[in-house]
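> below: sequence and its predicted model.
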Amino acid sequence: TTFKRRFAASNLDKTDRLGPGSVLGREAEMKLSTHIKKLQKSGFAPTRGEVRVMAYNLAERLGIEHKFNREEGKAGNVWLLQFLRRNPDITVRKAENTSIARALGMSRNIVEKY
């Protein structure tokens, strides 16, 4: 069949995906993933909920038509799982409380130097 012939001839680009595209599109998802990676490098990895809110805000700011939850102001769980599958280098963390030792070690001078 045509599919077998094209697949065998490597006519399918590895970046091309079959099926419907993502809600945000490639460029907007690249912006979001770059922003998340910067947060991770600075030690502030976002939680799953924060990533969902970031995606919603980005879609609103760019005027992208979406079906995200407008009442909660968040993208859906399914979108998040697909986004994380498309961007395996991104890891989201479960929020943890700051330890007493760390909180006591934080001062304005230390934070400003960082």
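Arrived safely, thanks for sending. Numbers count the residues shown, from 1 in each chain.
> list the buried residues for stretch 31-48?
Leu32, Ser33, Ile36, Leu39, Gln40, Ala45, Pro46, Arg48 (16 or more other Cβ atoms under 10 Å). Quick note: C-beta positions are derived from backbone N, CA and C, even for glycine.
> any chance of TSV for these, columns pLDDT and distance to Leu62?
Shown next, in TSV, are those (pLDDT from 0 to 100; distance: Cβ to Cβ, whole Å):
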residue	pLDDT	distance to Leu62
Leu32	88	10
Ser33	90	15
Ile36	90	16
Leu39	87	19
Gln40	86	23
Ala45	84	24
Pro46	87	19
Arg48	90	22
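> export the residues you listed to CSV and tack on secondary structure?
Formatted as CSV, those follow (DSSP: H, G, I helix; E, B strand; the rest coil):
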residue, secondary structure
Leu32, helix
Ser33, helix
Ile36, helix
Leu39, helix
Gln40, helix
Ala45, coil
Pro46, coil
Arg48, helix
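> which one of those residues is nearest to Gly63?
Leu32 (15.5 Å; Cβ to Cβ).
> show me what contacts that closest one?
Residues in contact with Leu32 (Cβ atoms under 8 Å, 6 or more residues apart in numbering) are Leu24, Val51, Met54, Ala55, Leu58, Phe83.
> poorly predicted segments of this structure, please.
Across the chain, residues meeting the criterion (pLDDT under 70) sit at 9-21, 94-111, 113-114.
> change it to 80
Within the chain, the stretches with pLDDT under 80 are 1-25, 64-66, 69, 92-114.
> report the central residue of it.
In the chain, the centroid-proximal residue (Cα atoms, centre = their mean) is Ser33; its distance is 4.9 Å.
> strands of the protein, start to end?
In the chain, no strands are found when defined by DSSP state E.
> and the closest residue to Ser33 other than its chain neighbours, how close does it get to Gly63?
Of all residues not flanking Ser33 in the chain, Asn87 sits nearest, at 4.9 Å (Cβ to Cβ, 6 or more residues apart in numbering). Noted for Asn87: a distance of 23 Å to Gly63, by Cβ to Cβ, to the nearest Å.
> repeat for Gly49
Distance of Gly49 to Gly63, given as Cβ to Cβ: 24 Å.
> which of the two has more residues huddled nearby?
Between Gly49 and Gly63, counting by other Cβ atoms under 10 Å, Gly49 is the more crowded of the two (13 against 7).
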